[in-house]
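> this one's structure only:
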C-alpha cells in the first residue's frame, strides 16, 4: 500500500517550472508550496503576490508602502480530473497621494480575477460559455462532468453579470418581433445582417423603443423589416435617412393569404378541378385484370365509419358556430385581439375565419399518413403490378423499393397492393396517388394557395396536373395564376424596377385578391421596391427568432428578458 502511494505521489509531482506555466499570470506570483488531496481530487497552490509597486485603483498613483497582508482564495481551471484551488497572499497599501480619498487600498489582480471574485477570470469565461450554450440545469450537469462543479443559480448569475460584447459599427440591421407570451406580450429582436449576429433584444414591441435604439446607432443605413406599420414608424423616427427594406418572404406570405381568401369563396371550383384531375389520372393508369384468388372479393365497410362520420359532423358544426360568433363580434366593432381573448382562440384563427366568405364546409375523407411516405414509389409499384398481371407479391415489391431508398414498413406497401386488387375487382380505377388534388372533396383553399406560390420544380406530378385543370376550369383562375407567377418571378429575380408594371396589370385584371394586394402596396411602395431590388432580407432574423424560442422553452417559463438577451448576444 505504501509503495503504491509513493508511486502515485511521484507521478503527480511535476517540476516547479511546469507549475508556474499553468498559473493564470506566472510572472506575478511566487509559489510558497502546493498539495494534493486525492480523496477530494483537489490541488491547492499557495502563492504570494510579488510586484513591488502597485497603483491605487482610485487615483492610479503607484505605491510601495505595505499596510498589511491577507489571503484570497480562487477556484481555477481544473487540471485533468483534479480541481485547482489558489490561495494567494495579497497586500494592502497606503496611498501616497495625499489628495486621494482612499488612504488604504487593496492590491488588484486585473489579469487573474475581479475584485471580490472567488473564481479566476479564465474559469469564469469557461463557465460563461457553458451557461450561454446550455443554461442553468443542463450547464450545471456538464460543468460537474468537467470538474468545475457550479450550481445552476451560480451559473446563471455568471451569464447575467457578464458584460455584453462591444458592438461594432452597424450598417444593416434586421428588425422583427418575437413572442414573449404569444398573443399577449411581444418583444423586438435586432440582428446585424452583415455578421448575422444578434445585437440586442428589446422587452417590448413599440415604435418608440425601436426609434430610441436606432437613434443610439447613427451609422445604420439599411433596415430590413416585415410590413408592420409600427416598425416603419419607429424607423422613420429613429433613422429617417436609412433605407427601409420589406422582407420578400412576408410579401409572398401576404400574396398567399390573399389567394387563400379568394379560393375559400370558390371551393366548388376547387372540387371540380380535383375531379378532372382524378379523371386524367385514370386515363394515365389502367387497372390490371382481375386474376386468381382475389376474384369476387369485396371490401367490407369498417365498423367505426358511422361514429367517425358523427364526429366529423360535430366538429363541422363547432367550426360553423365559431365562424358565426367571430362574424357577429366583428360586426359589433370588437377588435381581433379582444375576439381571440373572449373565444379563447389565437389571433391567426380569427383572421382565417374573417377571410372566409362562406362558412367552413364539411370534409369527409382524411389523408392517410402512409400515402406521404409511399408517394415517390407509387408509379414504380403500379408498373410492376401491371407487368405481373395483378399477381405481384407485396413483400417482393417492398424489397425492391427498399433498394431504391424506401425506409418504412412493408405493411404500407402490401396495403397499397391490396387496394389495387380491390379496385380491379370492383371495376373501378385504382387510386394512383393519395393526393388531395385528386380526391372527390378537393384540396383545401390553404393547400391550393401554398401550391400556387411554390417553386415549380418542387411540385409533384399530380400537383402540376391539378394546376393545369384549375386553369382550364375558369379563365379568371388562369389569369390569377399567370399574374402570381409573374410576381414570384419579380421576387426571386429581384426585379424591383418592374413592380409598377405588374401592379398596373394586377389592378386592371379585375381579379379581386390581386387588386387588393396591389392597392395595399401603395403606402409602403418604396420599401417594397427596395426589397425587390437589394440583397438584404430578414431570413437571418427569422432564424434567430427560432433559436430564441428554443432558449425560452429551455428556461421552462422562468427565463426573463434580461437572461435571454445575455444568452442571445453572448452567443453571437
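Good, I have the coordinates. Predicted model, so just to flag it, every value in this text is computed and none were measured.

> Break this protein into its domains for me.
For the chain, automatic domain parsing gives the domain ranges 2-119, 172-247+537-570, 266-285+437-535.

> Dump these into JSON lines; add mean neighbour count as well.
In short, each C-beta sits where N, CA and C put it, glycine included. Shown next, in JSON lines, are the domains of the chain (neighbours: other C-beta atoms under 10 Å):
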{"stretch": "domain 2-119", "mean neighbour count": "14"}
{"stretch": "domain 172-247+537-570", "mean neighbour count": "18"}
{"stretch": "domain 266-285+437-535", "mean neighbour count": "17"}
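
> Quick check: mean pLDDT of stretch 144-161?
For stretch 144-161, the mean pLDDT works out to 89.

> Give the buried residues for it.
147-148, 150, 152, 154-156, 158-159 (16 or more other C-beta atoms under 10 Å).

> Comparing the domains of the chain, which yields the minimum mean pLDDT?
Mean pLDDT is lowest for domain 2-119 among these, at a mean of 84.

> you'd agree residue 70 is in a helix?
No - using DSSP: H, G, I helix; E, B strand; the rest coil, the secondary structure at residue 70 is strand, not a helix.

> gap between the residue lying closest to it once chain neighbours are set aside and residue 73?
Once flanking residues are discounted, residue 70 sits nearest to residue 90: 6.5 Å by C-beta to C-beta, 6 or more residues apart in numbering. Separation of residue 90 from residue 73 (C-beta to C-beta, to the nearest Å): 11 Å.

> what's the answer for residue 449, then?
66 Å.

> Tell me who's in contact with residue 198.
Residue 198 is in contact with 189-192, 544, 568-569, 571-572, counting by C-beta atoms under 8 Å, 6 or more residues apart in numbering.

> and which of the buried residues of stretch 144-161 is nearest to residue 502?
Nearest to residue 502 out of those is residue 159 (C-beta to C-beta; 49.2 Å).

> May I have the residues that are in contact with the closest one?
By C-beta under 8 Å, 6+ apart, residue 159 lies in contact with 128, 131-132, 563, 566-567, 570.

> what two of these have the greatest distance between them?
Spatial extent of the contacts of residue 159 (C-beta to C-beta) is set by the pair 128 and 563 at 12.8 Å.

> now the helices for the stretch 401-550 of the chain?
Secondary structure of the stretch 401-550 of the chain (DSSP state H, counting those that start in this stretch): helices at 410-425, 445-453, 461-473, 475-493, 499-509, 512-520, 525-531, 539-554.

> hmm, back to that, help me confirm that the residue nearest to residue 70 comes into contact with residue 74.
No - the pair residue 90 / residue 74 is not scored as a contact, 10.8 Å apart, by C-beta atoms under 8 Å.

> The residue nearest to residue 70 looks like it's in a strand, true?
Yes - using three-state DSSP, the assignment for residue 90 is a strand.

> Would you enumerate the residues in contact with it?
Counted by C-beta under 8 Å, 6+ apart, residue 90 has contacts 49, 69-72, 106-107, 109.

> Now residue 29: closest residue in space, sequence neighbours ignored.
Nearest one to residue 29, counting by C-beta to C-beta, 6+ apart, is residue 47 at 4.2 Å.

> Distance from the lengthiest helix in the chain to the middle of the chain?
The longest helix of the chain (DSSP state H) is helix 305-331. Here helix 305-331 shows a centroid-to-chain-centroid distance of 32 Å under the convention C-alpha atoms, centre = their mean, to the nearest Å.

> what's that helix packed up against?
Other elements packing on helix 305-331 under the criterion 3 or more C-beta pairs under 8 Å, 6 or more residues apart in numbering; DSSP states H and E are helix 336-343, helix 347-355.

> looking at the ones you listed, which is closest to residue 139?
Judging those by C-beta to C-beta, what sits closest to residue 139 is helix 347-355, at 34.9 Å.

> okay if I get the helices of the stretch 401-550 of the chain as CSV plus distance to residue 260?
Formatted as CSV, the entries for those read as follows, by distance: least, C-beta to C-beta, whole Å:
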stretch, distance to residue 260
helix 410-425, 31
helix 445-453, 4
helix 461-473, 14
helix 475-493, 12
helix 499-509, 17
helix 512-520, 9
helix 525-531, 21
helix 539-554, 21
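
> Verify the stated contact: residue 567 with residue 135.
Yes - with contact defined as C-beta under 8 Å, residue 567 and residue 135 form a contacting pair (7.4 Å).

> Residues that sit against both of those two, list them.
Joint contacts of residue 567 and residue 135 (C-beta under 8 Å, 6+ apart) are residue 551.

> residues touching residue 71, list them.
Each residue near residue 71 by C-beta under 8 Å, 6+ apart is listed here: 87-90.

> and if we set it to 6 Å?
Residues counted as contacts of residue 71 (C-beta atoms under 6 Å, 6 or more residues apart in numbering) are 87, 89.

> roughly how far apart are it and residue 88?
Noted for residue 71: a distance of 7 Å to residue 88, by C-beta to C-beta.

> related to what we said a few turns ago, make a markdown table out of the domains of the chain and add distance to residue 321.
Putting the domains of the chain into a markdown table (distance: least, C-beta to C-beta, whole Å) gives the following:
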| stretch | distance to residue 321 |
| --- | --- |
| domain 2-119 | 62 |
| domain 172-247+537-570 | 22 |
| domain 266-285+437-535 | 19 |
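
> For residue 354, find the nearest of these.
Closest among the domains of the chain, using C-beta to C-beta: domain 266-285+437-535, at 13.8 Å.

> right, and the domains of the chain - which one's nearest residue 327?
So among these, domain 266-285+437-535 is nearest, using C-beta to C-beta, at 17.6 Å.

> quick one: the helices in the stretch 101-250 of the chain?
121-134, 137-145, 152-161, 207-215, 229-238, 248-264.

> mind checking which of those helices is nearest residue 495?
helix 248-264 (11.7 Å).

> List the buried residues for that closest one?
Buried positions in helix 248-264, judged by neighbour count with 16+ other C-beta under 10 Å: 248, 250-252, 254-264.

> Which single one of those residues is nearest to residue 333?
Ranked by distance to residue 333 (C-beta to C-beta), the buried residues of helix 248-264 are led by residue 261 at 21.3 Å.

> Disregarding flanking residues, what is the spatial nearest neighbour of that closest one?
residue 355 (4.0 Å).

> Repeat that for residue 486.
residue 502 (5.9 Å).

> And that neighbour, how close does it get to residue 462?
Where residue 462 is concerned, residue 502 sits at a distance of 30 Å (C-beta to C-beta).

> and if you look at residue 76?
66 Å.

> Counting by contacts, list what the helix or strand hosting residue 268 packs against.
In this assignment (DSSP states H and E), residue 268 forms part of helix 267-284. Secondary-structure packing of helix 267-284 (3 or more C-beta pairs under 6 Å, 6 or more residues apart in numbering; DSSP states H and E): helix 461-473.

> what's the angle from the helix it packs on to helix 267-284?
With axes from the mean of the first three to the mean of the last three C-alpha atoms, to 10 degrees defining the directions, helix 461-473 sits at 120 degrees from helix 267-284.

> picking that back up, looking at the helices of the stretch 401-550 of the chain, which is closest to residue 181?
The nearest among these, by C-beta to C-beta, is helix 539-554 at 9.9 Å.

> Contacts made by that closest one with the rest, please.
135, 174, 176, 178, 191, 196, 198, 559, 564, 567.

> And these, which is closest to residue 222?
Distances from residue 222 to those, taken by C-beta to C-beta, are shortest for residue 174, at 9.3 Å.
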